[in-house]
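**Student:** Can you look at this prediction? I've put the sequence above it.
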Amino acid sequence: MAVYKVNVSLPEDLVGEIDEAARELGLSRSGFIAEAATRYVTDVQNLSAEERRRKDVERAIELFTWAREQAPSGAGRRMLEQLQADRARDTPRSGRP
């Protein structure tokens, strides 16, 4: 893996805190900052994935709500009964191929 040198400007007190934490962990300043950046990037990526899942769930709920409002009375029960009948037909019974 290629390694790049970058220049960043940080407040003096933050650099002191980084150096202290790095020393306690037995890391160099660069190692500490690289580890911190890696963790932060992972957190951002996980948050983005979680946000996408949350939005997908919200869209599904909206769709089901719309479908429920559009369906004639009793349609949900009839659909459930049909799904149960289909499952029973397609599920092999024990002892039979």
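**Tutor:** Cool, got the structure. Note that the structure is predicted; figures quoted are calculated from it, not measured. Numbers count the residues shown, from 1 in each chain.
**Student:** next helix or strand past the longest helix belonging to the chain?
**Tutor:** For the chain, the longest helix by residue count, based on DSSP state H, is helix 29-70. Heading C-terminal from helix 29-70, the first helix or strand you meet, by DSSP states H and E, is helix 75-90.
**Student:** angle of that following helix against helix 29-70?
**Tutor:** Relative orientation of helix 75-90 versus helix 29-70 (axes from the mean of the first three to the mean of the last three CA atoms, to 10 degrees): 110 degrees.
**Student:** and helix 75-90, average pLDDT?
**Tutor:** If you average the pLDDT over helix 75-90, you get 84.
**Student:** Now do the same contact list for the closest residue to Ser28 other than its chain neighbours.
**Tutor:** In space, Ser28 comes closest to Ala22 once its chain neighbours are excluded; the distance is 6.4 Å by CB to CB, 6 or more residues apart in numbering. C-beta here means a position set from N, CA and C on the backbone, and glycine is covered the same way. For Ala22, the contacting residues are 28-29, 31-32, by CB atoms under 8 Å, 6 or more residues apart in numbering.
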